[in-house]
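> output the structure for:
(one chain, ligands or ions: 1)
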Amino acid sequence: MKTQNQILRKQFLAHVGQTSPAPQLITVERAEGVYFYTPEGKRYYDLISGVSVSNVGHANPAVVEAVCRQARDYMHIMVYGEMVERPQVEYATLIASLLPEPLSSIYFLNSGAEAVEGALKLAKRYTGRTEMISMRRAYHGSTHGAMSMMGFPEGEEWKNAFRPLLPDCKAIEYNNFEDLLQITERTACVLCEPVQGEAGVRVPAEGYLQVLRARCTEVGALLIFDEIQVGMGRSGEMFAMQKYGVTPDIVTLAKAFGGGMPLGAFVSSNEIMSTLQHNPVLGHITTFGGHPVCCAAGLAATRYLLDNKVVEQVEAKGALYEKLLKDHPQVVEIRRSGLLLAVELGSSEKLYKIMDMFIERGILSDWFLYCDTAFRISPPLTISEEEICGSVELIVECLNAL
Ligand SMILES: Cc1ncc(COP(=O)(O)O)c(C=O)c1O
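So this is what the prediction gives:
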């Protein structure tokens with residue numbers, strides 16, 4: 001007789017759309033803090049956090065309570081910016097207070113890719129230009145526009161099958177100062193992750209973001225920072241832009257921004273954002289963007305980060321992981337921004353092997369879209385020192401067995 005779990009897996013394979021030929025097939029029963037559990041009670045350290053989503057930990061009581069309360073009050077009334085809905089207004093006000101001036105107008109959406117789409121449209125509309133520049137090895141989402149901004153040539157593997165994509169897009173090399181001269185008076189915007197995530201955690205070279213900012217200002221191109229993966233505390237500051245002292249014209253947020261619920265946003269000045277009000281009116285619209293329950297969750301999560309000084313502890317926690325792992329003979333290097341780490345093994349063969357061992361031992365990690373020689377450590381930011389050491393113990397067992 002098949003168990004409930006076996007039936008569930010079979011139905012999953014038959015009816016849930018698949019994009020990988022070999023899904024891991026781990027059934028999730030419940031999750032709490034840095035752990036999730038299977039129906040058999042096996043415990044996993046979640047070192048992915050849903051790709052940097054669960055910054056305040058799974059089933060955080062403050063978030064769960066906010067979601068339940070808001071669901072009882074009201075879930076969905078039209079959201080096109082016509083109605084005054086408390087969770088949206090309070091969350092927008094809080095985010096505006098945390099971002100540097102003049103980033104004070106928040107347009108809510110449902111996801112990261114949507115936030116990027118909105119930001120690109122806003123830049124074209126505000127500048128009246130069409131050229132859009134991104135960085136090589138960038139990932140900004142899977143919709144046509146966001147995908148068009150995956151850099152050349154590395155992004156071709158994903159883009160090729162889906163052409164035609166957006167015209168007038170090109171990519172420059174992240175951290176290459178000379179390439180910045182390709183940003184000209186033709187350029188509507190430059191889209192850049194201040195710390196590149198899916199490239200395998202690449203941090204900006206000294207002064208790079210400052211020179212990028214200056215070049216955009218010089219030629220009148222808008223600078224868009226994609227903080228979807230590194231924002232909301234993961235870099236060790238609430239926003240990575242604060243770590244480097246560079247303010248973009250637009251910033252995109254998602255993932256942890258929703259506190260575990262689907263929520264994205266692009267944020268700009270009132271002056272730039274207001275161009276979406278005319279020629280045409282309703283320059284960007286959404287049925288669900290800024291859903292009250294999602295905003296209530298994001299608001300509760302952000303307040304939790306602030307009230308518990310979670311972000312202030314991120315750098316030390318990331319440094320502890322680095323210290324405990326960097327001298328292992330299998331580790332070639334560790335690239336890190338706060339609690340986002342790429343542990344480089346220098347070989348994809350070793351990487352695939354260790355992934356299987358991780359699953360066996362109770363660790364959920366993965367590699368990066370453009371880098372399958374390093375594994376990811378991006379746990380909930382609430383992880384304790386004891387939990388860091390506990391997860392490192394298992395990781396080291398696997399490294400030893402390589
Ligand atoms: C930097 C960055 N931008 C955008 C996205 C896309 O976000 P979403 O999957 O919510 O569309 C991702 C997702 O991994 C990301 O890492």
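
> how far does the strand or helix carrying Glu218 sit from its chain's centre?
Assessed by DSSP states H and E, Glu218 sits inside helix 208-219. Here helix 208-219 is found 23 Å from its chain centre; the criterion is C-alpha atoms, centre = their mean, to the nearest Å.

> buried sites along stretch 132-147?
132-141, 145-147 (16 or more other C-beta atoms under 10 Å). In this view, the C-beta of every residue, glycine as well, is placed from N, C-alpha and C.

> give me the helices and strands touching the helix holding Glu218, please.
Helices and strands touching helix 208-219, by 3 or more C-beta pairs under 8 Å, 6 or more residues apart in numbering; DSSP states H and E, are strand 187-192, strand 222-226.

> thinking again about what came up before, now, the buried residues of stretch 132-147 that are in strands?
Within these, residues falling in strands by DSSP state E are Met132, Ile133, Ser134, Met135.

> okay if I get those residues as TSV plus distance to the ligand?
Formatted as TSV, these follow (distance: C-beta to the nearest ligand atom, whole Å):
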residue	distance to the ligand
Met132	15
Ile133	16
Ser134	11
Met135	11
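
> which one of the residues you listed is nearest Leu320?
Met135 (29.8 Å; C-beta to C-beta).

> now do the contacts for the closest one.
By C-beta atoms under 8 Å, 6 or more residues apart in numbering, Met135 lies in contact with Gly151, Ala171, Ile172, Glu173, Tyr174, Leu191, Cys192, Glu193, Gln196.

> can you report how many residues neighbour the last one?
A count of nearby residues for Gln196, using other C-beta atoms under 10 Å, gives 28.

> can you check the third one too?
Residues near Ile172, counting by other C-beta under 10 Å, number 21.

> ramachandran angles for the closest residue to it other than its chain neighbours?
Of all residues beyond its chain neighbours, the one nearest Ile172 is Asp179 (3.8 Å), with distances taken as C-beta to C-beta, 6 or more residues apart in numbering. In terms of degrees, to the nearest 10, the main-chain angles of Asp179 are phi -60, psi -20.

> need the buried residues of stretch 132-147 in a markdown table (columns: pLDDT).
Listed next are the buried residues of stretch 132-147 as a markdown table, based on pLDDT from 0 to 100:
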| residue | pLDDT |
| --- | --- |
| Met132 | 98 |
| Ile133 | 98 |
| Ser134 | 98 |
| Met135 | 98 |
| Arg136 | 97 |
| Arg137 | 97 |
| Ala138 | 97 |
| Tyr139 | 97 |
| His140 | 98 |
| Gly141 | 97 |
| Gly145 | 97 |
| Ala146 | 97 |
| Met147 | 97 |
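
> give me the three-state assignment for Glu185.
Classification of Glu185 by DSSP: H, G, I helix; E, B strand; the rest coil places it in coil.

> identify the residues contacting the residue nearest to Lys353 when sequence neighbours are not counted.
The shortest distance from Lys353 to any non-neighbouring residue, by C-beta to C-beta, 6+ apart, is to Leu402 (6.3 Å). Contacts for Leu402 (C-beta under 8 Å, 6+ apart) come out as Gln330, Leu345, Lys350, Lys353, Ile354, Met357.

> which stretch of helix or strand covers the last one?
Using DSSP H and E, Met357 sits in helix 348-361.

> return the residues in contact with the closest residue to Glu185 other than its chain neighbours.
Once flanking residues are discounted, Glu185 sits nearest to Val219: 5.1 Å by C-beta to C-beta, 6+ apart. For Val219, the contact set (C-beta under 8 Å, 6+ apart) comprises Ile183, Thr184, Glu185, Thr187.

> and for the residue in the stretch 251-400 of the chain that the ligand sits nearest to, the neighbour number?
The ligand sits closest to Ala254 of the stretch 251-400 of the chain, with a gap of 4.6 Å, by C-beta to the nearest ligand atom. Applying other C-beta under 10 Å, we find 28 other residues in the vicinity of Ala254.

> dihedrals phi and psi, it?
When read as degrees, to the nearest 10, the backbone of Ala254 gives phi -170, psi -150.

> my guess is it contacts Asp226. True?
No: using C-beta atoms under 8 Å, Ala254 is not in contact with Asp226; the gap is 9.2 Å.

> for the residue in the chain positioned nearest to the ligand, give me its contacts.
Nearest to the ligand in the chain, going by C-beta to the nearest ligand atom, is Gly112, at a distance of 2.1 Å. Residues in contact with Gly112 (C-beta under 8 Å, 6+ apart) are His140, Gly141, Ala146, Asp226, Ile228, Thr252, Ala254, Lys255, Gly264.

> so who does the nearest residue to it once chain neighbours are set aside touch?
Nearest residue to Gly112 in three dimensions, chain neighbours excluded: Ala254, at 3.5 Å (C-beta to C-beta, 6+ apart). The neighbours of Ala254, taking C-beta under 8 Å, 6+ apart as the test, are Leu109, Ser111, Gly112, Glu114, Ala115, Ile228, Leu263, Gly264, Ala265.

> show the pLDDT at His144.
In this model, His144 is scored at 97, pLDDT.

> for the spatially closest residue to it that is not a sequence neighbour, list the residues it contacts.
In space, His144 comes closest to Leu165 once its chain neighbours are excluded; the distance is 5.8 Å by C-beta to C-beta, 6+ apart. Neighbouring residues of Leu165 by C-beta under 8 Å, 6+ apart: His144, Met147, Ser148, Lys159.

> now, those that are in helices?
Per DSSP state H, helices hold the following members of the contacts of Leu165: His144, Met147, Ser148, Lys159.

> quick check, nearest of the residues you listed to Gln18?
Taking the ones in helices among the contacts of Leu165 together and measuring to Gln18 by C-beta to C-beta, the closest member is Met147, at 19.2 Å.

> that closest one against Asn160, yeah?
No: Met147 is beyond contact range of Asn160, at 10.6 Å (criterion: C-beta under 8 Å).

> what is the helix or strand harbouring Val67 packed up against?
With secondary structure defined by DSSP H and E, Val67 is part of helix 61-73. Applying 3+ C-beta pairs under 8 Å, 6+ apart, one finds that helix 61-73 contacts helix 292-307.
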